[in-house]
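Sequence and computational prediction follow.
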Amino acid sequence: MPAIEFNMAFFDEKFTDVNYRMKVLKMFPEEFQKGYALYKSGKLGPDDEYLSWEPEFRRTYGWYLLDPAHTIKFNINGSDLPIFINALPAILDLDAAQELDRKKQMQKLLKILVQKLPMDKNGDLIFDVDEARDIHNTAVAMLRRAVGVDVITTFADVQSIDISDKNTSTSTDDLEKVERTVYNSLGVSRNLFNTDGNLSLEKSILDDESTMRNLLLQFNVFFDRIVMKKSTNKKFNFRLCMLETTQYNYKDMSKYYKELTANG
């Protein structure tokens, strides 16, 4: 059961109006009012534990230890930070990469019809400008109902220049690289979320169960404390235990419990 501290400076920083602040404070349990009184009297001094924090997050005063018998907190993996929060920058990059990939896919659907008008052996134009315009307009009229097709009529040579890297022997998916970066930032395998086979799916389920097991045990402790406080019978002691069964493992767990019962 973790010890929980609350910073009483919260009330001064969030509620500038004194009357409204006192109304909010009275909505909290009495020990918050006691801690706030100690804070205002200057008895909640600096805490050395918080001196190592980054300056922008540092708050070295006002921390008040709440009664462990009446407080509880739930987190995953013993950290107050949300899981997977380190992947937020990579997710933003993935969003930008997906937008770029969408534009590239749309660009692949576009076609350009190039009409190169001939010249004579002296390099002079065979068609004058008006004739070239008519030829161009005729092609445009023929393709006006075509989707994603443009027409270019020119006397000059047309050349396409591709600046992509062609030295790699195998083609690679750039978007897949960005997605892999996201999972690397998460610190987990991609198969945890998107499996490629039956074995990967099985391991992914085990990883999910192991992640949530820590939270389940905290719930167990919380409700067990409530049961013990509510129990007034002097002859019996009641304990609460949450079975670690899921939709995927209940058959195996049932068999396991049956074997334990058979063994006494």
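In hand now; what should we look at? Numbering: from 1, shown residues only.

Only C-alpha atoms from now on, for both contacts and neighbour counts.
Fine.

Residue 5 and residue 148, how far apart?
Distance from residue 5 to residue 148, counting by CA to CA, to the nearest Å: 63 Å.

same deal with residue 209?
Counting by CA to CA - residue 209 and residue 148 are separated by 50 Å.

Those two: which has the busier surroundings?
residue 209 (17 against 14; other CA atoms under 10 Å).

Can you spell out which helices and strands pack onto whatever helix or strand residue 10 lives in?
Assessed by DSSP states H and E, residue 10 sits inside helix 9-14. If you count contacts as 3 or more CA pairs under 8 Å, 6 or more residues apart in numbering; DSSP states H and E, helix 9-14 packs onto helix 18-26.

and the nearest residue to residue 7 once chain neighbours are set aside, what does it touch?
Computed as CA to CA, 6 or more residues apart in numbering, the closest residue to residue 7 that is not its neighbour in sequence is residue 63, at 4.3 Å. Counting by CA atoms under 8 Å, 6 or more residues apart in numbering, residue 63 touches 5-8, 44, 47.

which of those has the most neighbours?
The most neighbours of any of those, using other CA under 10 Å, belong to residue 8, which has 22 neighbours.

Quick check: buried residues in the worst-scoring helix or strand of the chain on mean pLDDT?
Of all the helices and strands that make up the chain, helix 174-186 has the lowest average by mean pLDDT, DSSP states H and E, namely a mean of 76. By neighbour count on 16 or more other CA atoms under 10 Å, the buried set for helix 174-186 is 178-179, 181-183, 185-186.

That helix: how far from the chain's middle?
Between the centre of helix 174-186 and the centre of its chain there are 13 Å (CA atoms, centre = their mean, to the nearest Å).

Next SSE downstream of it?
Remark: after helix 174-186, the chain's next helix or strand is helix 198-230, criterion DSSP H and E.

quick one: that next one to chain centroid distance?
That offset, for helix 198-230, works out to 22 Å (CA atoms, centre = their mean).

Which strands or helices does it pack on?
Here helix 198-230 touches no other helix or strand, going by 3+ CA pairs under 8 Å, 6+ apart.

Could you pull out the helices in the stretch 51-200 of the chain for me?
For the stretch 51-200 of the chain, the helices defined by DSSP state H, counting those that start in this stretch cover 88-108, 129-142, 174-186, 198-230.

And the first one, what's buried?
This points to helix 88-108. 90-91, 93-94, 97-98.

Could you save those residues as CSV and add columns showing distance to residue 105?
As requested, the buried residues of helix 88-108 are exported to CSV (distance: CA to CA, whole Å):
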residue, distance to residue 105
90, 22
91, 21
93, 18
94, 16
97, 12
98, 10
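
Report the two of the residues you listed separated the most.
90 and 98 (12.1 Å; CA to CA).

distance from the centroid: which residue in the chain tops it?
Relative to the centre of the chain, the most outlying C-alpha is that of residue 122, 66.1 Å out, by CA atoms, centre = their mean.
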